[in-house]
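# Everything below, folded, please.
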Amino acid sequence: MPKTILVSLFLLLLLLTACASPDDPEASPTPIPPAPTQIAEVVETPTNDAYPPPSPAATSYPLPPTPPPAPTSYPGYPAEAIDEAQFLPFVSQTEPTPTPTSTLTPSPTFTPSPTPTPIPTIDFTAVQADLRAQGQELGVSKFGFHVGPGGNREGLATFMRRHNEAGLPFFLKSVGDAGPLFEAQQMIVETGLPHTLVFRQASDAFDTPNYDLPPAQAAQEHWDLHVAAWPPELDTAVVWLETINEVDKNRSEWLAQFALETAQLALRDGRKWAAFGWSSGEPEPSDWESPAMLDFLRLVGQHPDQLAIALHEYSYVNDDIADAYPYKVGRFQQLFEVADRHNIPRPTVLITEWGWTYDSNPSLDRALEHIDWAARLYAPYPEIKGAAIWYLGPGFQEIANQTQRLIDPLTVYNLTNYYVIPPASPPIAPDGYRP
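Numbering: from 1, shown residues only. Just a heads-up that it's a prediction; the model follows:
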C-alpha cells in the first residue's frame, strides 16, 4: 500500500474519533423538555354575571297615576276660563324620573344621596301672579294628613318641609300629639306661609259635650276642659282648636246653641275654633237652617279666620270614593247651598277627617286616583282650607301602615299639580263634579 494512502487513512481515523467526543455539545441532540405537570390557570375578565347589579331599593317610589281629564269648566264658570290640570314630571337623584307605570324602581346604577334633592316643583307664586293678571285664580291640592301619638308617620316631616320650601301651604290635623304641629308652626314663623293646623284632645270627656246640661253651661264647661289641656307650646293665634267630634246629629238645635256660646268664648279668648266635626253623611240639610244654626253660620261668616266648621268626608267603601256622591264625600256643598240661600258668607271649612273606611284604604294606585278626583272637587272653593287623610296614628287595624305609603306620592302630587279656577267660589252644581 502506498505511503500516501496510509497517511490518509490515519487522518480519517483521527477525525472520526474527534466527532465522537463527549465534550462536544453537539455530540448528542438537545433533549425535549418534559411535559408540564399542571396547566397554568386562565384568568378571565369578570362578566356581568360575576358582579350582579345591586338590589333595587326596598321601597320603590310610587308615582301618582296620570290624572283623568279635567272638567271642561267648573259649574257656572265659562269653559274658556278653565285649563287642564298642570302636571310636571318629578325628577331627582333620589327619586327617579316618572314613567307611565304605577311604581318606580331605581336603575342598577342608582345611588341615593345623603340629602334628598328637592322636587322640581311648580313656581306657584309665579303661576298665581300670571293667572291673576288674566282674571283667574290658582287652585291647588289641599290634601294633608291626620296624625296621632304613635302609628307610622315616617316621611311626614319631609312632606311638610318640601311644601314649605315650595311655598305651598299644607294641611295637618293632630289628635293628642302637639309635636308635628309645633314643627309646622315653626315653619310658619320662618316663612309666613298660612299652613292650616288643627289640634284636638281625645277621650270620651273631650269628644262630646254634656248634652244633659243647658247649652250655655255645657259650652263653658267643655271649653274650660279643652283650654286646660291645650299644649302650651302651640300658638293659639295659629293652630285651630277642635273641641268636639262626631256629635249626635239628633241634637242639632241644641248643638247650634252650644256652638253659638262656644264661638263667643273663642272670640273672647282670641282663639281659632272649629265646630261640630260632623260624621260623613251628616247633618241633614234642614239642620243647617234652624234659627240658632243660621245665627251661628252668620257669626262664622263674619270671622272666617277665627271660626270654622269641621266636617268629616268618608266614602265608607274602598272601591269608590264617590259612592253616593254628593251625600258623603262632597256633602260640604249642602252647607254652602244653605249659606248662599240665606245670603251668608260661605263659612271656612276644615275637613278634619277624609278617607275610605276607618281601618283600611284601597290599593295605592286606586287611592291616588280618588285623591286626584277629590282634589279637583275641593280646588275651586277657597273656603275649604284642607282635608286630612285618615290616619297615621295608632290603632284601627294599623291603618297607619297603609296611609303612610301615601306620604311620598302625595308630596309629588301636591307639588306638581295646579288648577285654573274662578276668581271667586263658583255656584254649587254637584253634577258638574260627578266622576
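# ok, residue 424 - how many residues close by?
10 (other CB atoms under 10 Å). Quick note: C-beta positions are derived from backbone N, CA and C, even for glycine.
# so what's it up against?
Listed by CB atoms under 8 Å, 6 or more residues apart in numbering, residue 424 has no contact partners.
# Phi first, then psi, for it.
Backbone torsions of residue 424, given as degrees, to the nearest 10, read phi -140, psi 160.
# Please report how far it lies from residue 133.
17 Å (CB to CB, to the nearest Å).
# which stretches of the stretch 251-400 of the chain have low pLDDT?
Within the stretch 251-400 of the chain, not a single segment meets pLDDT under 70.
# show me what contacts residue 318?
356, 357, 360, 361, 362, 366.
# just residue 383 next, same as before
So residue 383 contacts 304, 336, 346, 347, 348, 349, 425 (CB under 8 Å, 6+ apart).
# does the second one really touch residue 381, like I thought?
It refers to residue 336. Yes: the criterion here is CB atoms under 8 Å, and residue 336 meets it with residue 381 at 7.4 Å.
# hey, what's in contact with both of the two?
Both residue 336 and residue 381 are contacted by 346, 425, under the criterion CB under 8 Å, 6+ apart.
# so which pair among the contacts of residue 318 is furthest apart in space?
357 and 366 (13.3 Å; CB to CB).
# what about the one helix or strand residue 125 maps to, average pLDDT?
Taking DSSP states H and E as the criterion, residue 125 maps to helix 124-133. The average pLDDT within helix 124-133 is 94.
# what's around residue 286, how many residues?
11.
# I'd guess it is in a helix, am I close?
Yes: the assignment for residue 286 is a helix, going by DSSP: H, G, I helix; E, B strand; the rest coil.
# Just the buried residues of the contacts of residue 383.
336, 346, 347, 348, 349, 425 (16 or more other CB atoms under 10 Å).
# Skip the chain neighbours and tell me the closest residue to the third one.
In other words, residue 347. Once flanking residues are discounted, residue 347 sits nearest to residue 300: 4.3 Å by CB to CB, 6 or more residues apart in numbering.
# and the strand or helix carrying that neighbour, what other elements does it pack with?
For residue 300, the element it lies in under DSSP H and E is helix 291-302. Under the contact definition 3 or more CB pairs under 8 Å, 6 or more residues apart in numbering; DSSP states H and E, helix 291-302 sits against helix 252-269, strand 307-314, helix 332-341.
# what sits against the residue nearest to residue 347?
263, 275, 307, 308, 309, 347, 348.
# just curious, which of these is nearest to residue 151?
residue 308 (25.2 Å).
# ok, back up a step: just checking, which of the contacts of residue 383 belong to helices?
residue 336 (DSSP state H).
# still on that earlier bit, same question for the helix holding residue 125: list its buried residues.
124, 128, 131.
# swap in stretch 333-352?
Buried, per 16+ other CB under 10 Å, within stretch 333-352: 333-339, 344-352.
# now swap in stretch 390-410 and tell me
390-393, 396, 399-400, 402-410.
# just stretch 219-233 next, same as before
Of all the residues in stretch 219-233, those buried under the rule 16+ other CB under 10 Å are 219, 220, 222, 223, 226.
# And the next helix or strand past the helix or strand the first one falls within?
Secondary structure assignment for residue 219, by DSSP H and E: helix 215-228. Secondary structure here is assigned by DSSP H and E; on that basis, the next helix or strand after helix 215-228 toward the C-terminus is strand 239-242.
# residues in contact with that next one?
173, 181, 185, 196-200, 226, 230, 266, 271-274, 277, 308, 310, 350, 352.
# Buried only: go through these for me.
Counted by 16+ other CB under 10 Å, the contacts of strand 239-242 give 173, 181, 185, 196-200, 226, 266, 271-274, 277, 308, 310, 350, 352 as buried.
# could you say which helix or strand contains the nearest residue to residue 433 once chain neighbours are set aside?
Closest residue to residue 433 apart from its sequence neighbours, by CB to CB, 6+ apart: residue 377 at 4.9 Å. Remark: residue 377 resides in helix 364-378, with elements defined by DSSP H and E.
# so after that helix, what's the next helix or strand?
Taking DSSP H and E, what comes next after helix 364-378 is strand 384-389.
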